[in-house]
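S.K.: pasting the sequence and the predicted model now:
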Amino acid sequence: MALCLRYCQNQEEAEDAMMEAFVKIYDKMDDFRFQSSLETWMRRIAVNISINKIRARKNIWTDISESEYEIGYNDHAFEQLNVNQLLKLIEQLPVGYRMVFNLYAVEGFSHKEIAETLNIDEGTSRSQLAKSRKALQAMLNNLNLGKA
C-alpha cells in the first residue's frame, strides 16, 4: 500500500492500484520465472499498475518554469527529516516529478529504465528528477523558514 501511495494521487487511487496489483500477481504467479526475488517482481507489478492509473489521468508532466525553483541544491538538508516528513513532501510534488523521483530515488531505476517505463526521453527523466529535487529543497527551505 505504501508503494502505491507514493505514486498515486490519493488513498482511494492507491487502494485500487494495490487491489489490481494483488489480482495480477495472483493471476500471473505461474509466469514468475525466479529471475529476481518475488518481492522485486511484485513491486514492479504494483509500480506499473500505479503508473498506469496516473497515465489514465493525462497531463502528468507539469511544466514549471526554471526560475520558480532557482535555488541551490543540497542533499544534506534532507538528513534533518524523518521518513514520514519526507514522504509528505514527496506527495506534494507534481505527479510527473513524483513518479520520476520515486522510480529513481526509491526504486533504484536508471534513467534509461524510467524512460522505457514511462515512454519518455532519458533527458526528460533527468530533468524531472532535477526539478523534483529542487522543488523538495524549496519545500524544505519553506519548512525551515516557518520554524525560525
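M.R.: Yes, it's here.
S.K.: the helix or strand of the chain with the lowest mean pLDDT - contacts with which helices or strands?
M.R.: The weakest-scoring helix or strand in the chain, judged by mean pLDDT, DSSP states H and E, is helix 83-91 (a mean of 83). Under the contact criterion of 3 or more C-beta pairs under 8 Å, 6 or more residues apart in numbering; DSSP states H and E, helix 83-91 touches helix 2-7, helix 95-101, helix 122-147. Any C-beta I mention is one placed from the backbone N, CA and C, and that applies to glycine too.
S.K.: closest to Ser36 out of those?
M.R.: helix 2-7 (15.8 Å; C-beta to C-beta).
S.K.: now the closest one - C-alpha only, PDB.
M.R.: Taking Å, rounded to 0.1, in the frame of the first residue of the first chain, the C-alpha atoms of helix 2-7 are listed here in PDB:
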ATOM      1  CA  ALA A   2       2.800   2.400   0.900                       C
ATOM      2  CA  LEU A   3       4.400   1.800  -2.500                       C
ATOM      3  CA  CYS A   4       1.100   2.600  -4.300                       C
ATOM      4  CA  LEU A   5       0.600   5.700  -2.200                       C
ATOM      5  CA  ARG A   6       4.000   7.100  -3.300                       C
ATOM      6  CA  TYR A   7       2.800   7.100  -6.900                       C
END
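S.K.: what residues does it touch?
M.R.: Here helix 2-7 makes contact (C-beta atoms under 8 Å, 6 or more residues apart in numbering) with 11, 13-15, 17-18, 21, 43, 46-47, 49-51, 53-54, 87, 90-91, 98-99, 102, 106.
S.K.: mark out where each domain of this structure begins and ends.
M.R.: Domain ranges of the chain: 1-58, 60-148, per automatic domain parsing.
S.K.: for those, which has the smallest mean pLDDT value?
M.R.: Lowest mean pLDDT within these: domain 60-148, a mean of 78.
S.K.: for the domains of the chain, give me TSV that also has mean neighbour count.
M.R.: TSV is the format used below for those (neighbours: other C-beta atoms under 10 Å):
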stretch	mean neighbour count
domain 1-58	15
domain 60-148	15
